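1. From the sequence below, what's the structure:
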Amino acid sequence: MGGVRTVSVEYLSQTVANLPGVPRVVASGNFATPHVALQAVDTGAEAYRLFMLNAQHDLPDREGVTLETPFVGPGMRRSSRLRYIPSRLSMVPLLFAHQAKPDIVLLHTSPPRHGRVSMGTEVNILPAAVEAARARGALVVAQVNPQMPYTYGDGEIGVSDVDLAVEVDELLPSPPSGTPNEVSLGIGAQVAELVPDGATLQAGIGGVPDAVLASLTGRRRLRVWAEMFSDGVLALEAAGALDADRELVTSFLIGSPELYRWLDGNQRVRVLRTERVNDPAMIARNPHMVSVNTALEVDLFAQANASRINSRIYSGFGGQTDFIVGARHSPGGQAVMALPSWHPKADVSTVVPRIDEPVTSFQPSMIVTEQGVAELWGCSQDEQAAAIIEAAAHPRVREELRHEAKVRGLG
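-> So this is what the prediction gives:
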């Protein structure tokens, strides 16, 4: 197949079985998991380490398998075999040269075009993993799928860089679709007011980011420089809100079949490696960078916890710190922390006096909830605390927070 050595699943399993020791397997994460190739590895290796980002469900999780990640997804979150490695996303590729050297890299790619395959929707940390594998003679395996869109950028590699390939033909999974609730829509409308024409956007996936993007269809000449994007950007494209003369830059993509069809061969989209997209210095080069992140809770010191619940790791640093720093240094840039003021399931305020968990990030430009916008930059610590209480916190807890602020010397 176009110069790639195609093998059976059984052959791949036997190849893995012949590897010495306990190999480390680095595999495509998010919604690009190469399940067929991964199952072949699981069949062939009695014990191995599986390194993935934001791993979804249906992973091998048994005795002999150690699950490694700097960003925990639902497929690893509750496993007793999880080995969480704290790292900002921009720094993760450095691990492959030293602390997490790969023995096998599993990619989920497009079929070859002009002697190259594309990693499609999931580039992220994988180019660095491939380079580390090539440098030490490790195995690079592609699960080749005609349903994987061919995207341009750092995820294109020559077929000579792939040792073995297994063929599949299966639809890429998509996250569950849903309509943002009333609270998310309220937050989205508040954040959208902060985004001028010509701004550069970074927003993730979820109810709040989706609501933000849905509120921006009336803007013009918007640019995108984001760790990831989804169907919200496709809607902005359809509305004429994006700058047609600018490339849309991201590191991975998650979305609907319509999004995947739009991506295939789309020269305007550049899917680049994490070291470039999440580099705060490169983020800062974008004019009017508006970075929208969310959190589990924030406190009166403008600190955010987006990673842990009751000290147990829930996700990880991800790119939040990278983009907050980059946006703050962008000309006219803003780093927005957006979240509901109340957690409906836990029935508690998301604004707390002081976070007890390890802090994920701090010093955004502002905190936005459905209650309003708390402007923080340039304010004293007393003014910041007062703004968070009066503009962002739920009315049910404001009096308590005022008392707690005084106890902590704020105000």
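
2. Walk me through the domains of the protein.
-> As given by automatic domain parsing, the domain ranges for the chain are 9-167, 182-407.

3. how long is the last one from one end to the other?
-> Domain 182-407 has its terminal residues 34 Å apart, counting by Cα to Cα, to the nearest Å.

4. swap in the shortest one?
-> In domain 9-167, first residue to last residue: 9 Å (Cα to Cα).

5. How about stretch 280-291?
-> Note: stretch 280-291 ends 12 Å apart using Cα to Cα.

6. Please renumber the chain so that the first residue is 8 from this point on.
-> Noted, 8 is the first residue going forward, which turns the last one into stretch 287-298.

7. quick one: contacts of it?
-> Applying Cβ atoms under 8 Å, 6 or more residues apart in numbering, the contact partners of stretch 287-298 are 97, 201-203, 205-209, 230, 232, 283, 329-334, 336-343. For the C-beta atoms, the positions are set from N, CA and C on the backbone; glycine is no exception.

8. buried ones in it?
-> For stretch 287-298, burial by neighbour count (16 or more other Cβ atoms under 10 Å) applies to 287, 289-291, 293, 295-298.

9. Repeat that for stretch 170-182.
-> Neighbour count says stretch 170-182 has 170-175, 179, 181 buried, by 16+ other Cβ under 10 Å.

10. now those in a markdown table, with secondary structure and distance to residue 271?
-> As requested, the buried residues of stretch 170-182 are exported to a markdown table (DSSP: H, G, I helix; E, B strand; the rest coil; distance: Cβ to Cβ, whole Å):
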| residue | secondary structure | distance to residue 271 |
| --- | --- | --- |
| 170 | coil | 25 |
| 171 | strand | 24 |
| 172 | strand | 19 |
| 173 | strand | 21 |
| 174 | strand | 18 |
| 175 | coil | 17 |
| 179 | coil | 11 |
| 181 | coil | 15 |
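
11. Which one of the residues you listed is nearest to residue 140?
-> residue 170 (9.0 Å; Cβ to Cβ).

12. On the pLDDT front, check that closest one for me.
-> For residue 170, the pLDDT comes out at 97.

13. Same question for residue 133.
-> At residue 133, pLDDT is 98.

14. ditto for residue 351
-> Reading off the model, residue 351 has pLDDT 89.

15. And it, how far from residue 296?
-> To residue 296, residue 351 is 31 Å away according to Cβ to Cβ, to the nearest Å.

16. that older thread, out of the buried residues of stretch 287-298, which are inside strands?
-> Mapping those onto strands (DSSP state E) picks out 296-298.

17. For those residues, please prepare CSV with the additional fields pLDDT and distance to residue 405.
-> Shown next, in CSV, are those (pLDDT from 0 to 100; distance: Cβ to Cβ, whole Å):
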residue, pLDDT, distance to residue 405
296, 98, 32
297, 98, 28
298, 97, 27
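
18. Of the residues you listed, which is the nearest to residue 83?
-> residue 298 (26.2 Å).

19. Among the contacts of stretch 287-298, the buried ones, what's the ChimeraX command?
-> Under the burial definition 16+ other Cβ under 10 Å, those of those that qualify are selected in ChimeraX by:
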select :97,201,202,206,207,208,209,230,232,283,329,330,331,332,333,334,337,340,341,342,343
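
20. coming back round to it: let me know the closest of the ones in strands among the buried residues of stretch 287-298 to residue 416.
-> residue 298 (30.0 Å).

21. out of the buried residues of stretch 170-182, which one sits closest to residue 163?
-> residue 172 (15.5 Å).

22. Quick check: that closest one vs residue 54, distance?
-> Taken as Cβ to Cβ, the span from residue 172 to residue 54 is 25 Å.

23. try residue 177
-> Taken as Cβ to Cβ, the span from residue 177 to residue 54 is 28 Å.

24. Residue 258 too?
-> 31 Å.

25. lowest-pLDDT helix or strand in this protein?
-> Lowest by mean pLDDT, DSSP states H and E among the helices and strands of the chain is helix 214-221, with a mean of 91.

26. Return that helix as CSV; C-alpha atoms alone will do.
-> Extracted in CSV, the C-alpha atoms of helix 214-221 (Å, rounded to 0.1, in the frame of the first residue of the first chain):
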residue,chain,number,x,y,z
GLY,A,214,-20.6,23.5,27.2
VAL,A,215,-18.9,26.8,28.0
PRO,A,216,-16.4,27.0,25.1
ASP,A,217,-19.2,25.8,22.7
ALA,A,218,-21.4,28.6,24.0
VAL,A,219,-18.6,31.2,23.6
LEU,A,220,-18.0,30.3,19.9
ALA,A,221,-21.8,30.2,19.2
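
27. Just after it, pick out the following helix or strand.
-> Per DSSP states H and E, the first helix or strand lying C-terminal to helix 214-221 is strand 230-231.

28. From the contacts of stretch 287-298, which land in strands?
-> 207-209, 230, 341-343.

29. okay if I get those residues as JSON lines plus pLDDT and distance to residue 241?
-> Below are the ones in strands among the contacts of stretch 287-298 laid out as JSON lines (pLDDT from 0 to 100; distance: Cβ to Cβ, whole Å):
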{"residue": "207", "pLDDT": "98", "distance to residue 241": "17"}
{"residue": "208", "pLDDT": "98", "distance to residue 241": "13"}
{"residue": "209", "pLDDT": "97", "distance to residue 241": "16"}
{"residue": "230", "pLDDT": "98", "distance to residue 241": "15"}
{"residue": "341", "pLDDT": "97", "distance to residue 241": "24"}
{"residue": "342", "pLDDT": "97", "distance to residue 241": "25"}
{"residue": "343", "pLDDT": "97", "distance to residue 241": "22"}
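
30. Would you mind checking which of these is nearest to residue 224?
-> Once Cβ to Cβ is applied, the member of these that ends up nearest residue 224 is residue 208, at 12.5 Å.

31. For that closest one, list each beta-bridge partner.
-> Beta-bridge partners recorded for residue 208 (DSSP bridges): residue 231, residue 297.

32. what sits against it?
-> 202, 220, 223, 229-233, 297, 299.

33. mind putting these in a markdown table, distance to residue 193 included?
-> A markdown table is the format used below for the contacts of residue 208 (distance: Cβ to Cβ, whole Å):
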| residue | distance to residue 193 |
| --- | --- |
| 202 | 16 |
| 220 | 15 |
| 223 | 15 |
| 229 | 21 |
| 230 | 26 |
| 231 | 24 |
| 232 | 26 |
| 233 | 23 |
| 297 | 18 |
| 299 | 15 |
